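Chemist: Below are the sequence and a predicted model for it; my questions follow.
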Amino acid sequence: MGSIAGFIGALVLVPASCAGKHLEHPYKRSDIDTPVSLAVGTVRTPEFNTVTQWYVIIIQVEKPLPLEQIICMMGVTHNPTEASSCSSNDPLLRADWIIWDKDQIVAKGSSTTKADSMFTKEHVYKFLGGFPGKSGKKYVLEVKFTQDGTPLNSANPHLIVIQQRYH
């Protein structure tokens, strides 16, 4: 998990290096960018091609709700002071994920209940985890939302998978 934090930290430091396809977020060369409901249940992405590179899994939401509320609901508090204003039901965004190569598990993990985030003027990003891609492989991401996050659905959540780029 420590290596994931390092990759996530590098991603946060170089968001401008990911330019291209999806102009609505700083991760513009995403391999997957799809609207998603945060209701309890499982979501599977279509197959996506990879190269030998590290990939990051993210949930992106807009900010139609007060920022403090979104921070609590997404589990992106950075300190006890922020967390003290959250309800006992927070965070609502809780998920387990698996990367599949046909019927074999390539990687799996779970969302954290604090930090692992990035903020822009329009969006909040929660990093769910990361995995190593291999050239020529086609993967499917399966995300199981384990707590009812539907109050966040008004924030237009998107599930994003992107290549980590270093510059």
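Modeler: Received it, and whenever you're ready, just let me know what you need.
Chemist: My guess is residue 132 contacts residue 54. True?
Modeler: Yes. If you go by CB atoms under 8 Å, residue 132 and residue 54 touch, sitting 5.9 Å apart. For glycine as for every other residue, the C-beta is placed from the backbone atoms N, C-alpha and C.
Chemist: who's more crowded, those two?
Modeler: residue 54 (19 against 15; other CB atoms under 10 Å).
Chemist: how near is the more buried one to residue 162?
Modeler: According to CB to CB, to the nearest Å, residue 54 and residue 162 sit 10 Å apart.
Chemist: what helix or strand does the residue nearest to the spatial centre of the chain sit in?
Modeler: Compute the mean C-alpha point of the chain, and by CA atoms, centre = their mean the closest residue is residue 58, 1.5 Å away. Applying DSSP states H and E as the criterion places residue 58 in strand 53-62.
Chemist: need the next SSE after that strand, C-terminal direction.
Modeler: From strand 53-62, the next helix or strand downstream (DSSP H and E) is helix 67-74.
Chemist: in a helix, that's where residue 136 is, yeah?
Modeler: No. Read with DSSP: H, G, I helix; E, B strand; the rest coil, residue 136 is coil and lies in no helix.
Chemist: what residues are up against residue 160?
Modeler: 25, 27, 30, 32, 33, 57, 58, 59, 60, 125 (CB atoms under 8 Å, 6 or more residues apart in numbering).
Chemist: let's go with 7 Å and repeat that
Modeler: Residue 160 is in contact with 27, 30, 32, 33, 58, 60, counting by CB atoms under 7 Å, 6 or more residues apart in numbering.
Chemist: Tell me, how many residues neighbour the nearest residue to residue 54 once chain neighbours are set aside?
Modeler: Nearest non-adjacent residue to residue 54, counting by CB to CB, 6 or more residues apart in numbering: residue 164, 4.0 Å away. Residue 164 has 18 neighbouring residues, counting by other CB under 10 Å.
Chemist: My read is that residue 164 contacts residue 52, right?
Modeler: No. Residue 164 is beyond contact range of residue 52, at 11.5 Å (criterion: CB atoms under 7 Å).
Chemist: can you pull the contacts of the nearest residue to residue 83 once chain neighbours are set aside?
Modeler: Using CB to CB, 6+ apart and skipping the chain neighbours, the partner closest in space to residue 83 is residue 77 (4.3 Å). For residue 77, the contacting residues are 71, 83, 86, 114, by CB under 7 Å, 6+ apart.
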